[in-house]
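# Sequence plus the predicted model coming up.
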Amino acid sequence: MATFAQTIPESPKPLASYWEFLKEELIPYPGRAALVGRMVLAATLTMLITLTFRLPYGAYGAIYALSISRESTQITLNTAVTRIVAYSLGAIYVLIGATVFVDDPLLRLLWVIGTLFLIFYAVSAVSTFVSAVDIGYLIVMTVSLWDEHISGEQRLEATLWAVFALAIGNVIAVVVELLFEATRPGNDLLRSIADRLTAVETALASYGTGGPVDQATTNKIKRLAMLGTSRLRRTLRTANYPRDYSEQMGAVVALVGRLVDIAASLTHIGVRADGDDRQRTQALARSIGSIRADLLSGKAPGAIELNAASAPSGSRVPLLRELEKTVSLIPEAFSGARSMSDLGLSPSDDNLPSTFFVPDAFTNLDHVKFGLKGGLAASLCYIIYNSIAWPGISTAVTTCLLTALSTVGFSRQKQVLRLAGAIVGGFLFGMGAQIVILPHLDSVAGFTVLFVAVSTVGAWLATSSPRLAYLGVQIIVAFYLINLQEFKEQISLGIARDRVVGILLGLFVMWFVFDQLWGTLASVEMRTVFISNLRWLAEFERQPLPEKRKSAIERSYFLRETINTNFDKVRSLADGVLFEFGPTRQHGLTLRRQILKWQPQLRMLFLTRITLFKYRLQLHGFELPAAVRGSQLEFDSQLAITLDRLADNIEEKAPTEDHELKDAFERLEESVRTCCSEGSQQSMAIELKAFLALSRTAEGLVMSLENEIAPPKVASNASQM
């Protein structure tokens with residue numbers, strides 16, 4: 001087996017891998033074209049209003065109109081309100097500070113330096129990341145105004161115009177989303193539920209024909225299972241639905257989430273249906289389609305009549321009965337026949353506390369270090385462009401704000417994307433349009449065509465994964481700042497030159513400061529997050545404790561979201577490792593290859609655990625006999641201990657006692673056989689067969705990870721990191 005100590009050569013065809021990466025990022029997915037269209041429409045309307053009414057800072061308004069969250073109409077509205085409040089707070093802070101310190105250059109410089117430190121500290125310590133960045137961005141935008149030789153009234157007016165322009169961009173984005181919402185049937189919650197039901201229906205229809213599920217459907221189901229139902233539950237909390245409807249839809253969300261979880265387990269097991277199973281899966285797919293149609297049309301789904309007979313002993317579709325039971329419960333949610341607790345939804349989930357600051361905001365020195373590093377980098381840029389009297393390169397300060405992240409490699413990845421976006425948007429699109437296109441345009445209509453074309457390219461890139469999305473945003477930012485700075489066709493090349501020079505200055509200063517002061521390697525952070533996920537999975541294996549069933553349901557939501565977030569973070573940090581150089585680079589690349597190799601196994605374990613969690617909860621349709629229940633608890637405990645031991649091994653901690661996971665699974669297997677050997681228990685054999693298959697999969701995945709993570713090798717190479 002491969003270990004950290006072994007060196008595996010890099011791919012011999014990097015260009016081919018980059019091409020595959022681009023194809024994966026740029027390929028259309030359902031809803032992408034509509035999303036890009038709404039983004040471009042909002043930005044274009046903001047641009048037209050800016051040019052028509054000659055609004056200052058119109059470029060920033062168009063940028064924010066395009067980049068606002070569009071996860072749902074309600075979330076878009078909440079984001080817009082949060083941002084407008086953030087802009088207002090930032091403006092108030094600037095006006096108070098400027099009033100106090102504007103007459104004393106030395107005090108003003110100290111105020112700017114202190115303000116930049118507070119901005120970066122807030123980015124790290126405030127739980128609402130968007131609010132911290134928006135407050136900081138408004139301050140960075142307007143702080144240079146108070147260095148100009150203009151009257152105080154002009155400075156005040158320009159600051160207020162900045163808030164107004166940004167607010168206009170957000171308001172237009174919300175209006176576009178509301179108009180788009182009015183053209184679509186149903187609401188966002190129902191469409192999200194229908195999307196999940198469609199994925200499960202498609203998979204079951206494939207089983208009904210005796211063929212495998214296509215890869216696109218498999219990937220979609222796995223992705224939905226990883227995401228869980230957190231966004232749907234958040235939508236229910238924020239929407240003004242009647243209480244009865246919220247209760248009913250909360251139950252539906254829980255049941256649909258359960259369907260997706262079971263379908264994800266089926267795709268992993270890789271079953272094939274034949275005989276009666278084909279008929280049952282086809283009937284089940286039709287029932288799901290009927291429920292989906294009823295929900296979208298605003299009707300309560302009718303009762304589902306499914307085959308109540310037990311599956312034959314030769315059934316090749318495990319969990320089929322669980323799927324049937326779950327589908328039959330959805331109409332019951334509207335009749336009140338089932339309580340919320342029966343469906344696995346905690347009523348108190350709606351009352352989870354929220355705080356403005358992260359829990360360790362005032363105790364973790366890392367937040368202070370981040371503030372000092374970011375504040376120092378931005379302050380150096382501020383001092384440099386003022387010392388040489390070149391305000392056009394003030395984009396250096398915003399570069400520091402927008403690319404400052406916690407790790408060297410991750411930050412450098414964003415810096416590279418920002419530089420590439422500035423080159424493409426500034427030099428290629430910006431200067432190219434100034435030289436070739438703009439001299440031949442004589443109307444707003446002609447400029448609008450150019451604006452829409454560039455915005456579409458940038459928006460398409462911005463709707464890819466986080467690995468590439470920032471490039472699209474920066475292309476848009478560079479092009480807008482060049483061509484929307486004044487209320488006329490911009491044919492001066494100086495603006496594009498100054499912007500790119502400012503970005504280069506900011507990137508250079510960020511490299512110097514963040515590499516030299518408390519720099520954290522992305523490879524080290526990736527290793528830490530991977531270890532953390534092992535421990536979170538171990539805790540998930542232990543949930544729920546027998547005496548804490550209700551609180552464990554709430555805890556499971558948190559664990560699922562945390563584990564899924566960490567999977568995404570590991571992938572992003574792995575990309576950041578590629579941008580790290582120096583004596584530890586080779587070890588970092590080796591570590592990266594190993595963790596990326598183990599990550600899919602851990603993901604499969606997570607998906608398997610999501611379904612096994614329902615057996616541990618003893619939800620309706622997932623009940624286990626008392627004899628099997630005891631063996632299940634023992635097996636889960638041993639599996640959690642093994643995961644903790646793997647985390648200890650990677651952390652170089654002293655090895656713990658070697659508990660026998662294999663023996664625990666054998667005892668679980670024996671208890672299932674014994675339970676089902678009695679005649680009265682034979683009807684449970686098919687249901688327990690699915691439970692045992694999932695448990696066997698979990699045991700195999702953990703044993704595979706244990707064989708690959710060799711403690712001596714991990715310790716040997718980790719010490720060199």
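Received it, and whenever you're ready, just let me know what you need. Residues are numbered from 1 along each chain as shown.
# Got phi/psi on D214?
Main-chain dihedrals, D214, degrees, to the nearest 10: phi -70, psi 160.
# Go through the helix or strand hosting G257 and flag the buried ones.
Using DSSP states H and E, G257 falls within helix 243-269. By neighbour count on 16 or more other C-beta atoms under 10 Å, the buried set for helix 243-269 is 247-269. Any C-beta I mention is one placed from the backbone N, CA and C, and that applies to glycine too.
# how about the strands in the stretch 451-600 of the chain?
Assigned strands in the stretch 451-600 of the chain: none (criterion: DSSP state E, counting those that start in this stretch).
# Any stretches of it with poor pLDDT?
Residues of the stretch 451-600 of the chain meeting the criterion pLDDT under 70: 487-491, 518, 545-552.
# does R499 really touch A422, like I thought?
Yes. Using C-beta atoms under 8 Å, R499 is in contact with A422, at 6.6 Å.
# which residues are common contacts for these two?
A478 (C-beta atoms under 8 Å, 6 or more residues apart in numbering).
# which ones are touching the residue lying closest to A433 once chain neighbours are set aside?
Computed as C-beta to C-beta, 6 or more residues apart in numbering, the closest residue to A433 that is not its neighbour in sequence is L450, at 6.0 Å. Taking C-beta under 8 Å, 6+ apart, we find L450 in contact with A433, I437, L438, L441.
# Now with 10 Å, please.
Each residue near L450 by C-beta atoms under 10 Å, 6 or more residues apart in numbering is listed here: F429, A433, I437, L438, L441, F479, N483.
# ditto for F429
Taking C-beta under 10 Å, 6+ apart, one finds 423, 437, 450, 453-454, 457-458, 475-476, 478-479, 482-483, 496 in contact with F429.
# Among these, name the buried ones.
423, 437, 450, 454, 457-458, 475-476, 478-479, 482-483, 496.
# Just put those in CSV and tack on distance to A225.
Formatted as CSV, the buried ones among the contacts of F429 follow (distance: C-beta to C-beta, whole Å):
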residue, distance to A225
I423, 39
I437, 47
L450, 43
V454, 38
V457, 33
G458, 32
I475, 34
I476, 33
A478, 38
F479, 39
I482, 44
N483, 44
A496, 46
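# and these, which of them are in helices?
Among those, DSSP state H puts L450, V454, V457, G458, I475, I476, A478, F479, I482, N483, A496 in helices.
# I'd guessed G392 sits against L493; true?
No. Using C-beta atoms under 10 Å, G392 is not in contact with L493, being 11.9 Å away.
# I'd like to know how many residues surround V358.
15 (other C-beta atoms under 10 Å).
# Got the phi and psi for the nearest residue to it once chain neighbours are set aside?
Distances taken as C-beta to C-beta, 6+ apart put S127 closest to V358, at 5.1 Å, once the chain neighbours are dropped. Dihedral pair for S127: phi -70, psi -30, per degrees, to the nearest 10.
# what's around S127, how many residues?
13.
# hang on, it packs against H367?
No. Applying C-beta under 10 Å as the test, S127 and H367 come out as separate, 11.8 Å apart.
# Overlap in contacts, those two.
Counting by C-beta under 10 Å, 6+ apart, the residues touching both S127 and H367 are F357, V358, A361.
# Model confidence at the second one, what's the number?
According to the per-residue confidence, V358 scores 77 in pLDDT.
# Check the one 5 residues further on too.
According to the prediction, T363 has pLDDT 84.
# Backbone dihedrals for it, please?
Residue torsions, per degrees, to the nearest 10, at T363 are phi -120, psi -20.
# Which residues are in contact with it?
With C-beta under 10 Å, 6+ apart as the criterion, no residue contacts T363.
# And for L232?
72, 188-189, 192-193, 196, 249-250, 252-254, 256-257.
# Please identify which of the contacts of F429 is nearest to Q586.
The closest of the contacts of F429 to Q586 turns out to be I423 (C-beta to C-beta; 29.8 Å).
# Identify the residue nearest that closest one in space, chain neighbours excluded?
Per C-beta to C-beta, 6+ apart, closest to I423 is V500, 6.9 Å.
# roughly how far apart are the one you found and V457?
Between V500 and V457 the computed distance is 19 Å (C-beta to C-beta, to the nearest Å).
# tally of neighbours for A293?
13.
# got the contact list for it?
A293 sits next to A194, L197, K299, P301 when contact means C-beta under 10 Å, 6+ apart.
# Can you tell me the element the residue nearest to the first one when sequence neighbours are not counted falls in?
It stands for A194. Once flanking residues are discounted, A194 sits nearest to R292: 4.9 Å by C-beta to C-beta, 6+ apart. For R292, the host element (DSSP H and E) is helix 276-296.
# Buried residues of the helix or strand that comes right after that helix, list them for me.
On the C-terminal side of helix 276-296, the nearest following helix or strand under DSSP H and E is helix 320-335. Across helix 320-335, burial judged by 16+ other C-beta under 10 Å covers 320-334.
# What is the nearest of the contacts of L450 to G136?
For the contacts of L450, the nearest to G136 is F479 (22.9 Å; C-beta to C-beta).
# Wait, that closest one touches S455, no?
Yes. Judged on C-beta under 10 Å, F479 makes contact with S455 at a distance of 8.0 Å.
# Between these two, which contacts overlap?
Taking C-beta under 10 Å, 6+ apart as the contact criterion, the common neighbours of F479 and S455 are A62.
# Closest one to G61 out of the buried ones among the contacts of F429, please.
Nearest to G61 among the buried ones among the contacts of F429, with distances taken as C-beta to C-beta, is I476, at 12.6 Å.
# who are the neighbours in contact with the closest one?
By C-beta under 10 Å, 6+ apart, the neighbours of I476 are 39-40, 43, 59, 62-63, 66-67, 421, 425, 429, 454-455, 457-459, 461-462.
# could you redo the last one with a cut-off of 6 Å?
G458 (C-beta atoms under 6 Å, 6 or more residues apart in numbering).
# Leaving out chain neighbours, which residue sits closest to T562?
W536 (5.7 Å).
# D366 belongs to a helix?
Yes. Under DSSP: H, G, I helix; E, B strand; the rest coil, D366 falls within a helix.
# how about it, what does it touch?
D366 neighbours (C-beta under 6 Å, 6+ apart): none.
# out of the contacts of A293, which is most surrounded?
L197 (23 neighbours).
# Please identify which helix or strand holds it.
Going by DSSP H and E, L197 is in helix 188-208.
# next SSE after that helix?
helix 215-227.
# okay, the angle between that next one and helix 243-269?
Between helix 215-227 and helix 243-269, the angle comes out at 130 degrees (axes from the mean of the first three to the mean of the last three C-alpha atoms, to 10 degrees).
# by how many degrees do helix 215-227 and helix 188-208 diverge?
130 degrees.
# can you state the direction angle for the very next helix or strand once past helix 215-227 and helix 243-269?
Following helix 215-227 in sequence order, the next helix or strand is helix 230-238 (DSSP H and E). On the basis of the same axes, to 10 degrees, helix 230-238 is oriented at 180 degrees to helix 243-269.
# and helix 230-238, C-alpha only, in PDB?
Output in PDB follows, covering the C-alpha atoms of helix 230-238 (Å, rounded to 0.1, in the frame of the first residue of the first chain):
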ATOM      1  CA  SER A 230     -29.600  22.400   5.600                       C
ATOM      2  CA  ARG A 231     -30.500  24.900   2.900                       C
ATOM      3  CA  LEU A 232     -34.100  23.700   2.700                       C
ATOM      4  CA  ARG A 233     -34.500  23.900   6.500                       C
ATOM      5  CA  ARG A 234     -32.900  27.400   6.400                       C
ATOM      6  CA  THR A 235     -35.400  28.500   3.800                       C
ATOM      7  CA  LEU A 236     -38.300  27.200   6.000                       C
ATOM      8  CA  ARG A 237     -37.000  29.100   8.900                       C
ATOM      9  CA  THR A 238     -36.600  32.400   7.000                       C
END
